[in-house]
Structure formats: C-alpha cells, structure tokens
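Colleague: Quick one: sequence and predicted model below, then my questions.
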Amino acid sequence: MANIGTVDFYIGVPSLPREDFENYSTQLFDEWEAYVEKNLDLKDYSLVLEVEEGSIQAKGKILATASVLYFGIAQYGSFISGLQTIHNQVKAVGDYLGERASFPFDLTRVKPKLRKRGESLARIESLFVKVQRGELTVEMAMKETEAIFGEDLCLSCCSSSMVRVRCCCHQTQTPCGWLHCSGRCLDLLAQ
C-alpha cells in the first residue's frame, strides 16, 4: 500500500494518566475513521494512528493500493481533476485529525504543531503538472510513478480483475504490461 497522506502533530501538554491517554487515543482514532469514511472517496484504504505518551505526539497515515487510488481518481473525469480532488480530500482529512487531536486541551496555553505531507499523491500530482507544462515526458513521468509506488503498482493491478490490458509495446498480453512499456499503454487505460 502506498502512503497517500501523513499528518504529524505535537501538543506540549503534561502527560495524561494512562486510562485517560488510552481513551483519548481510542476516541481520536474512532472520530478520525468516521470522518474519513464520509469524506474520502476511495473504496478501500487503511488508517494508521500512532500516538505517543508524554506531550501528545502522533502520526496519522492514510494508505491505499495503487489500483484503488487509480479507480478513485478515475471517477472524476480527467485524471488531473480526480487526482487534485482526492488530494484535497486527504488534506481535509489531515486538517480534521489535527483539530480533533487538540480539541480536549486548553489551546490558550499551548499551540499545537501540525505538519501535513501529501506523500505519493503530491508527488504524482507534481509529475502530471510537469507533463502538462511540457517539462517532463509521459515516459519519464511513468518511470517516476513506478518508483513512487514500486511493487505495489504492479501487484495491485495484477490482482485486480478490472485491470487487464494488452500491452501495445509487447507481443504478449500481460496484466500490468503498461508499467513496462515506457508509458504509452497508460493512454489505453485513460481512454
């Protein structure tokens, strides 16, 4: 699975009693999960929330397979439009986590520190913007996309019964041949 968004936050508050800390962590994850379910248009994803004791430090991650991400993006018409929409949803989900994490604390005394990263979505969006501007070829963008998703891109499309293409650059049919053909087969999927 690829990391499509990460949120790190730090709240400099005194250590909570163990039971309060466990309740805080559990409630934070449950609220975040409910919000993500309503606001992220992907059919399958994973959430990871790591909360450390002491001053509250946490990292939230949103993970998705390449095929789920591709089909989530494809529902919005153009690839770029879909990518930007999903990326904006991931940003909003990160904002929500930051808000909910600091909610139980007196913020007049402490200012939470929040850092969001778009991870693979931001990197892919940047690649396709460069392709649109003519700064990067489709072939180069596909190679970089392969590097971003690595094995996940191949494994997720091979395991999906919905993605079966004949590679236009090779004589044999391969489930994910478009990954290995310098990007020309990507056009087949987009049509």
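Modeller: Received the coordinates, thanks. Just so it is clear, the model here is predicted, and its values are computed rather than measured. Numbers count the residues shown, from 1 in each chain.

Colleague: so how many other residues sit close to the closest residue to residue 149 other than its chain neighbours?
Modeller: For residue 149, ignoring the flanking residues on the chain, the nearest one in space by CB to CB, 6 or more residues apart in numbering is residue 66 at 4.9 Å. Every residue, glycine included, has its C-beta placed from N, CA and C. Number of residues near residue 66 (other CB atoms under 10 Å) recorded here: 27.

Colleague: Can you tell me what sits against stretch 86-98?
Modeller: Contacts with stretch 86-98, where a contact means CB atoms under 8 Å, 6 or more residues apart in numbering, come from 4-7, 9, 28, 32, 35-36, 39-42, 49, 60, 62, 69, 72-73, 76, 112, 114, 116, 118, 121-122, 125.

Colleague: What is the neighbour count of residue 128?
Modeller: 17.

Colleague: got the contact list for it?
Modeller: By CB under 8 Å, 6+ apart, residue 128 lies in contact with 79, 80, 83, 141.

Colleague: ok, it to residue 90 distance?
Modeller: Residue 128 sits 16 Å away from residue 90, taking CB to CB, to the nearest Å as the criterion.

Colleague: hang on, the earlier thing: ok, of the contacts of residue 128, which one's closest to residue 55?
Modeller: The nearest member of those to residue 55, counting by CB to CB, is residue 83 at 35.7 Å.

Colleague: buried residues in the one helix or strand that closest one maps to?
Modeller: Using DSSP states H and E, residue 83 sits in helix 79-102. Burial within helix 79-102, assessed by neighbour count using 16 or more other CB atoms under 10 Å, is assigned to 79, 82-87, 89-91, 93-94, 96-98, 100-102.

Colleague: can you check stretch 130-142 too?
Modeller: Taking 16+ other CB under 10 Å as the criterion, stretch 130-142 shows 131, 136, 141, 142 as buried.

Colleague: ok, now stretch 52-66?
Modeller: The neighbour-count check on stretch 52-66 (16+ other CB under 10 Å) flags 56, 57, 58, 60, 61, 62, 63, 64, 65, 66 as buried.
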